[in-house]
Structures are given as structure tokens and as C-alpha cells.
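Asker: Can you look at this prediction? I've put the sequence above it.
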Amino acid sequence: ARFLQHLLGSDKCRYAIRCLLETQSMTTRDYSLQVDTFDLLSQDSVLGYMLLQYPSTLLPVLEEAIVQAQINLKRQREEHLENEDNEQDLPLMSVKGDRRDGVTANLTRVHARLVHLPPTCCKTSLAGLEASDVG
């Protein structure tokens, strides 16, 4: 719920999620959403710190929150359109990475890409890299 609050509360994240919803590709199955770590740490320092400490545990939770945020924004848009009389040529929106219905026809995945990491999180040499760091 806290990741979802951050995603929907940040104008930068809402815009990126809206762009993700409107993206249509016949060849791409994997989509990514950049999450600004500096913004997350400034808005919810505990959640940001936990994400940096336990990325393999919390990144899947963040990615589920991205799917939920897409669903929420799409629903808001549909409700807004129902309340308006004029029909506009708006782009079709599709939720990326949604697995709720169990249908495998929509084989898209969504990934969180953490950007603007604090300097303490960065590896300074290749010798310090581990297999779990690449992915």
C-alpha cells in the first residue's frame, strides 16, 4: 500500500504510469517504469531504505504496486469519460503486467527501474559485483 501511495502521490510517477498505460507495442513484452529513489527516500525514508536493503524481496512488491497503480489510473480515466458527454479520440490504455485474471494472452511484464540511487548503493569496481547484482 505504501508503494502504491508513492506511485499515485507523485506527479512524476503518475505521468510515467499514464505513458506506460498508453504505450502500445506489437513486439515488446517487457516494460519498465523508472522510480526515482531520491524522491522515494525523501517522501518515505523508511520504505526507501528497506527497498535498498532488501531489493530482491521488495522489487516484486513494487512491481505489483505499479500494476495496481495502472489499474487505478485506468479506472479513474474510464469514470471521468463516463461523466463527460463529448467523445474524444483518446489513446487506448492497456495495463502492463496484469496477472489477476490468469489469462496468458497478455504476456507483458512490468519492471521497476530504480534511478538516482544514493552513492552508497553504487559499486565502485567490477570486482565488487555479484551475480545477484546483474539483472
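Answerer: Structure received. Keep in mind that this is a model prediction, so the values were computed, not measured. Residues are numbered from 1 along each chain as shown.
Asker: Going by residue numbers, what spans are helices in the protein?
Answerer: Ranges of helices in the chain, per DSSP state H, are 2-9, 11-22, 37-43, 45-53, 55-83.
Asker: Out of these, which is the most enclosed?
Answerer: Most buried of the helices of the chain, by mean neighbour count (mean count of other Cβ atoms under 10 Å): helix 2-9, with a mean of 18. No exception for glycine: its C-beta is placed from N, CA and C like everyone else's.
Asker: model confidence over it, on average?
Answerer: Average pLDDT, helix 2-9: 96.
Asker: Give the ranges of residues in the protein that sit below the confidence cut-off.
Answerer: Along the chain, the parts satisfying pLDDT under 70 run over 85-90, 100-106, 122-135.
Asker: At the geometric centre of it, which residue do we find?
Answerer: Closest to where the C-alpha atoms of the chain average out (Cα atoms, centre = their mean) is Ile66, at 3.7 Å.
Asker: Hmm, it is touching Thr108, no?
Answerer: No - contact criterion Cβ atoms under 8 Å: Ile66 and Thr108 do not qualify, at 11.8 Å.
Asker: Give me the common contacts of the two.
Answerer: Listed as contacting both Ile66 and Thr108 by Cβ atoms under 8 Å, 6 or more residues apart in numbering are Gly97.
Asker: State the distance from Thr27 to Thr108.
Answerer: Plainly put, Thr27 is 11 Å away from Thr108 if you go by Cβ to Cβ, to the nearest Å.
Asker: who's more crowded, the two?
Answerer: Taking neighbours as other Cβ atoms under 10 Å, Thr27 and Thr108 compare with Thr108 leading, 17 against 4.
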